[in-house]
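Visitor: Sequence and predicted structure are below.
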Amino acid sequence: MKNKILKITLLFSGFIIGITILMTLLPGRKDTTDKRSAEILDCNEISQLIDLGEYTKAQEKLADFQDSLRKPINYENSETKVFIICGVTVLYIISMFLYVYFKILRPFDRMKDFASEVAKGNFDVPLKYERANYFGAFTWAFDSMRKEITSARMAEHEAVENNKTVIATLSHDIKTPIASIRAYAEGLEANLDVSPERRSRYLQVLMKKCDEVTDLTNDLFLHSLSCMGKIEIKSEELELVPFMEQTVADIAADRRDIIFTKPSFSPVVIADRKRMTQLVENLINNSRKYGKTDINISMTKKDNFVQMCFMDRGNGIPDADMPFITDKFYRGKNCGNENGSGLGLYIVKYIAEQSGGTLELQNMYPGLKVTVSLPMK
């Protein structure tokens, strides 16, 4: 496009210059016409003076007329005007070409080069946004597209790295309980359980380690679902008090470390029973693992929401970790040697929000208070 406009500009400029040279070579028709008109007027004036008998004036006028006939026609003024008009026209054409080049052609070439770089996969080349040119909005849109694609690629890379991290973490964490299971199983095989007490202890450890493996594999399964956005929430009417009584009883088994205080009202929520069970299990297991105290569960009502409060008397969560504790894979500094993948509270928050509720964590010094708020029907 740039070459075509340049050729057209040069063609028009050459045409105007050629016309100008041609006009300067031809006689000045306007000057000739003006001189002849003046001569006719002089002849008429002389004739009238003779008719009136003013011979002296007629002779003087005739002498002036003869002198004017002897003078050559002056074309200089006409040529100067033609050259001025030609110069102004050529200057205008050149100015228009420069304007079109800087305001349209050059920005367009930049956009074309930028698109070529993006097509090659080079997203590190910025496209300068200029408000003055006609492609300012398009320039901004193209550069925004580049930034969005760059962000998406970085997010994709981060997701891949996170997947590698969680798989490596869970694989490492699973090795520990598996090793314990193998060791105690070998002890049973070697008849080291010489007393009922030792046999009972071996079996308890085996079941505990099996539960740890189950928790880790559940975390891995939920992580894979959440990455694919396929954690299904099948909402239904759920009477929260009977549900909590049954769920707490199933999780507590023979342990008496969970205290559920039955409320004076009977809230009904719209939620997924299976996901709510996962939510409660994650919160109780977290308290058991890190709080290592009794867990008090209570319910209160605020506006049109029911608030389920899970309270332990442990050390809580360090203040520095609190803003990030619900992020995927994040583990607080107080996790110690406890197994985990950093998915428990992330899953709890995800289920609560998908059910139309919220999750709130608060250090009570001592202890941690976790509040899950769900809308009541």
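Guide: Done, it's in.
Visitor: check contacts around residue 235.
Guide: By Cβ atoms under 8 Å, 6 or more residues apart in numbering, residue 235 lies in contact with 270-272, 355. C-betas here are computed from N, CA, C, even on glycine.
Visitor: Can you tell me which of those is closest to residue 218?
Guide: Closest to residue 218 out of the contacts of residue 235 is residue 272 (15.7 Å), distances taken as Cβ to Cβ.
Visitor: could you pull out the helices for the stretch 201-350 of the chain?
Guide: For the stretch 201-350 of the chain, the helices defined by DSSP state H, counting those that start in this stretch occupy 240-252, 273-286, 344-354.
Visitor: any idea which of those helices is most buried?
Guide: Across those, averaging neighbours per residue (mean count of other Cβ atoms under 10 Å) puts helix 344-354 on top, at a mean of 21.
Visitor: in this protein, which spans are strands?
Guide: Remark: strands assigned in the chain by DSSP state E are 236-239, 258-260, 268-271, 295-302, 305-311, 358-363, 368-375.
Visitor: The closest residue to residue 252 other than its chain neighbours and residue 105: what is the separation?
Guide: In this structure, residue 252 finds its nearest non-sequential neighbour in residue 258, 4.7 Å apart by Cβ to Cβ, 6 or more residues apart in numbering. From residue 258 across to residue 105, the span is 75 Å (Cβ to Cβ, to the nearest Å).
Visitor: now do residue 295
Guide: According to Cβ to Cβ, residue 295 and residue 105 sit 72 Å apart.
Visitor: Of those two, give the one with the bigger neighbour count.
Guide: In terms of neighbours (other Cβ atoms under 10 Å), residue 295 is the more surrounded of residue 295 and residue 105; the figures are 25 against 17.
Visitor: Could I get the contacting residues of residue 192?
Guide: Per Cβ under 8 Å, 6+ apart, neighbours of residue 192: 198, 202.
Visitor: okay, it: pLDDT?
Guide: pLDDT for residue 192: 75.
Visitor: And for residue 376?
Guide: Confidence at residue 376, expressed as pLDDT, is 92.
Visitor: ok, it touching residue 269?
Guide: Yes: if you go by Cβ atoms under 8 Å, residue 376 and residue 269 touch, sitting 5.9 Å apart.
Visitor: Now do the shared contacts for these two.
Guide: Common contact partners of residue 376 and residue 269 (Cβ under 8 Å, 6+ apart): residue 306.
Visitor: how close does the closest residue to residue 167 other than its chain neighbours get to residue 207?
Guide: The shortest distance from residue 167 to any non-neighbouring residue, by Cβ to Cβ, 6+ apart, is to residue 220 (7.5 Å). Residue 220 sits 21 Å away from residue 207, taking Cβ to Cβ as the criterion.
Visitor: Neighbour count for these two, which is higher?
Guide: Counted by other Cβ under 10 Å, residue 220 and residue 207 do not tie: residue 220 has more neighbours, with 19 against 11.
Visitor: what residue ranges in the stretch 201-350 of the chain score low on pLDDT?
Guide: Applying pLDDT under 70 to the stretch 201-350 of the chain flags residues 219, 221-232, 253-254, 334-341.
Visitor: Repeat that for the stretch 1-150 of the chain.
Guide: In the stretch 1-150 of the chain, residues with pLDDT under 70: 1-39, 42, 58, 65-82, 123-124, 126-140, 142.
Visitor: neighbours around the residue nearest to residue 346 when sequence neighbours are not counted, how many?
Guide: Computed as Cβ to Cβ, 6+ apart, the closest residue to residue 346 that is not its neighbour in sequence is residue 328, at 4.8 Å. Look at residue 328: counted by other Cβ under 10 Å, it has 19 neighbours.
Visitor: Check the gap between residue 328 and residue 312 for me.
Guide: For residue 328, the distance to residue 312 - Cβ to Cβ - is 23 Å.
Visitor: Equivalent analysis for residue 342, please.
Guide: Remark: distance between residue 342 and residue 312 (Cβ to Cβ) = 19 Å.
Visitor: try residue 330
Guide: For residue 330, the distance to residue 312 (Cβ to Cβ) stands at 20 Å.
Visitor: now residue 161
Guide: On the measure of Cβ to Cβ, residue 161 and residue 312 end up 33 Å apart.
Visitor: So for these two, which sits in the more crowded spot?
Guide: Neighbour count, other Cβ under 10 Å: between residue 161 and residue 312, residue 312 has more, with 25 against 10.
Visitor: dump the residue contacts of the closest residue to residue 181 other than its chain neighbours.
Guide: What sits nearest to residue 181 in space, not counting adjacent residues and going by Cβ to Cβ, 6+ apart, is residue 209, at 4.8 Å. The contact partners of residue 209, taken as Cβ under 8 Å, 6+ apart, are 177-178, 180-181, 184.
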